[in-house]
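Q: test case, fold it:
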Amino acid sequence: MIGRALRVAAVSLVGLVLVLGCGSSDRPAELSVDEVKPCDLISRNSVQGVQIATESQKMNSVPGVDTEGNTCFYSARNGNTIYVSAITKHGIDRWGDPSFEHVRSEEVSRIQGYRTVKVWRDSERPGPDSKCKVYVDVAGGQSLRVQVDRSFEENDPPTCDTARRYAEVAMKTLVADRG
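A: Sure, this is the predicted structure:
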């Protein structure tokens, strides 16, 4: 009788730990982007190897389906466009949802200790010169996204390298501002 009670208690405790653990995050800290202005995250000279042709431009929205937040975009000298977005409605877990049947994601190395994923549509699997989107898990239900459209010149760095460099600079600023 006591053995059975101990087993039931142990199973209940394990279940509680699993439920609590699944709802937790392994983020170093919550970095809400509700009030973040993406244009303030990256200065004109802060991303090495990418020459900005014009000043950053602000958008009061985020391109994408059912996505909310703010975006800043930069025009590089090579003709490329780089978008930095503070997304306030969806975290990166959205991209693991099987309901997005034509979208794929891949976890890549963390930025500033925060989970990071690369996302693409089936029809546009990222090659070195094609569109690349990198998302960083900054807070529950929120993310930082950097999108690089494509490379135009043969000696341009791969688009995902450029997206990652911008994400690293943006995250460095975001962590410093909140720390």
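Q: alpha carbons only for contacts and neighbour counts from here, please
A: Fine.
Q: can you give me the strands in the protein?
A: If you assign secondary structure with DSSP state E, the strands in the chain sit at 57-59, 69-75, 81-87, 103-111, 114-121, 132-139, 142-148.
Q: mean pLDDT added to those strands, as TSV?
A: Compiled in TSV, the strands of the chain are given as follows (pLDDT from 0 to 100):
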stretch	mean pLDDT
strand 57-59	68
strand 69-75	86
strand 81-87	90
strand 103-111	88
strand 114-121	87
strand 132-139	93
strand 142-148	93
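Q: pipe the ones you listed into CSV and attach distance to residue 29 and mean neighbour count per row.
A: Converted to CSV, the strands of the chain look like this (distance: least, CA to CA, whole Å; neighbours: other CA atoms under 10 Å):
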stretch, distance to residue 29, mean neighbour count
strand 57-59, 27, 15
strand 69-75, 20, 22
strand 81-87, 16, 26
strand 103-111, 13, 16
strand 114-121, 9, 21
strand 132-139, 8, 26
strand 142-148, 13, 27
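Q: quick one: closest of those strands to residue 178.
A: Between residue 178 and the strands of the chain, the shortest gap by CA to CA is with strand 132-139, which sits at 11.6 Å.
Q: the closest one packs against which elements?
A: strand 114-121, strand 142-148, helix 159-178 (3 or more CA pairs under 8 Å, 6 or more residues apart in numbering; DSSP states H and E).
Q: relative to helix 159-178, how tilted is it?
A: Following axes from the mean of the first three to the mean of the last three CA atoms, to 10 degrees, one obtains 20 degrees for the angle between strand 132-139 and helix 159-178.
Q: strand 132-139: partners in the sheet, and parallel or antiparallel?
A: Strands flanking strand 132-139 in the sheet, each with its direction: strand 114-121 (antiparallel), strand 142-148 (antiparallel) (DSSP bridges).
Q: closest one to residue 106 among these?
A: strand 114-121 (5.3 Å).
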